[in-house]
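Q: starting from these lines, generate the structure:
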Amino acid sequence: MKVKILLACAGGMSTTMLVKKIKEAGAAQGYEVECEAYAVNVIKKVGQDADCVLLGPQAGFMLKKTQAELPEVPMAVIGMQDYGMMNGKGAFDLALSVMKKQ
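A: Here you go, the predicted model:
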């Protein structure tokens, strides 16, 4: 199964490190994962066809605004611990859980 996950942070830089780990975690569970990192202020432009948007903890305050801009796309904020540890499995599992809820 193919999934498209977008990571959003304040500048689009720090989440780039997490992209590879999310792809690896998804592959380990049998998914083909397309994953890219962007600054949160461009998510509305690039997120129309995403299966899920995950915001870095530093951009968590933008969750409601981003949800209003892309109401059909499931979203969540990555927990500080998963983000800090660059826990790709934790972030991928979070994406799966929010995609199933919607």
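Q: so who does residue 53 touch?
A: Listed by C-beta atoms under 8 Å, 6 or more residues apart in numbering, the contact partners of residue 53 are 5, 6, 7, 8, 43, 47, 66, 70, 73, 74, 75. Yep, even glycine has a C-beta here, placed from its N, CA and C like the rest.
Q: ok, now which ones touch the last one?
A: Meaning residue 75. 52, 53, 54, 55, 63, 66, 67, 98.
Q: can you redo those residues as TSV with distance to residue 31?
A: Formatted as TSV, the contacts of residue 75 follow (distance: C-beta to C-beta, whole Å):
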residue	distance to residue 31
52	12
53	17
54	15
55	20
63	24
66	23
67	24
98	15
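Q: what's the closest of those residues to residue 18?
A: Taking C-beta to C-beta as the measure, residue 18 lies nearest residue 54 of those, at 8.7 Å.
Q: pretty sure that closest one sits in a strand.
A: Yes - read with DSSP: H, G, I helix; E, B strand; the rest coil, residue 54 is one of the residues of a strand.
Q: looking at it now. What's its pLDDT?
A: Looking at residue 54, its pLDDT stands at 96.
Q: please apply the same query to residue 102.
A: Here the pLDDT value assigned to residue 102 is 55.
Q: try residue 9
A: Among the per-residue scores, residue 9 shows a pLDDT of 88.
Q: for the remainder of this discussion, apply numbering that starts at 24.
A: Sounds good: first residue 24 from here, last item residue 32.
Q: nearest residue to residue 105 in space, ignoring adjacent ones along the chain?
A: Leaving aside its chain neighbours, residue 105 sits nearest to residue 113 (3.7 Å; criterion: C-beta to C-beta, 6 or more residues apart in numbering).
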